[in-house]
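need a structure here:
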Amino acid sequence: MLGKCQDISAQSAPMKSFIQFFWAALKNPLQVSTLFATGSTAVEAMIAPVPTRPNDMVVELGVGTGAITQILFNKIGNSQKYVGLELNDDMIEFAQERFPSLRFVNDSAENFAKYLDGHKCTAVVSSLPWTLMPAPAVLATLDSIKENLAPGGVFATYLTLHVLKTPAGKRFQDAIKERFGGFESKVVIENLPPVKVLIVRK
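So this is what the prediction gives:
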């Protein structure tokens, strides 16, 4: 067990993260839902319900530059319990440099079960751009979350407010309801852009 996750300096991390995230968004706009990383208030809302259990894995889908990673790791406190998936080559390289003790995988989100070593996970935390992803990938990811989330586990994610009423946004929320029966939600206006955090409990 590691007491702390090595991070880059407090002064340089925010600026480096912003530049890396902004550059990745410009290069691959379909892999990044917004030009801004998830804000701390939204992250705290997503992490708060995550249970901490000694033997269960915690999965992060869409690591980005680590806006969620640091706070999530601070809660679970064990690098062996964490695995993060990121499809963008530039951002996963940056995240691995920033958090060298954590395990990151360059793979599509629906494949995360391959990295659980046959175990269930206690939480899946995601900042994936759900409304930009191909519909089959969205549904396959939600199916994998349902199948591999342990009883009492939590799935936490968000949608930006401007996509909630779009066809893709409605389909995503309906797909969650079909698989899990519903979700809790909290609007975080302070985020840039504002988001609706969705919490699913299995």
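
which residues in this structure form strands?
Secondary structure of the chain, counting by DSSP state E: strands at 57-61, 82-85, 104-105, 121-126, 149-160, 184-188, 195-201.

could you give me the average pLDDT of the shortest one?
Averaging pLDDT along strand 104-105 yields 96.

Quick one: residues contacting residue 39.
Residues near residue 39 by CB atoms under 8 Å, 6 or more residues apart in numbering: 67, 188, 190, 191, 192. To be clear about C-beta, it is placed using only N, CA and C from the backbone, and glycine gets the same treatment.

shouldn't the fourth one be in contact with residue 43?
It stands for residue 191. No - contact between residue 191 and residue 43 fails when scored by CB atoms under 8 Å: they sit 9.0 Å apart.

what is the residue positioned nearest the centre of the chain paired to in the beta sheet?
Nearest to the geometric centre of the chain sits residue 126, at 2.2 Å (CA atoms, centre = their mean). According to DSSP bridges, the residues that bridge with residue 126 are residue 61.

so which of the contacts of residue 39 would you say is closest to residue 107?
residue 67 (20.0 Å; CB to CB).

one step back: tell me, what's the model's pLDDT at the residue nearest to the centre of the chain?
Per-residue pLDDT puts residue 126 at 96.

doesn't residue 64 make contact with it?
No - using CB under 8 Å, residue 126 is not in contact with residue 64; the gap is 10.6 Å.

ok, back up a step: list the contacts of the residue nearest to the centre of the chain.
Contacts of residue 126 by CB under 8 Å, 6+ apart are 60, 61, 62, 109, 155, 156, 157.

the bottom helix or strand of this structure by mean pLDDT?
Lowest mean confidence among the helices and strands of the chain (mean pLDDT, DSSP states H and E): helix 13-27, at a mean of 47.

Let me know whether residue 79 touches residue 104 as I believe.
No - counting by CB under 8 Å, residue 79 does not reach residue 104; the two are 11.2 Å apart.
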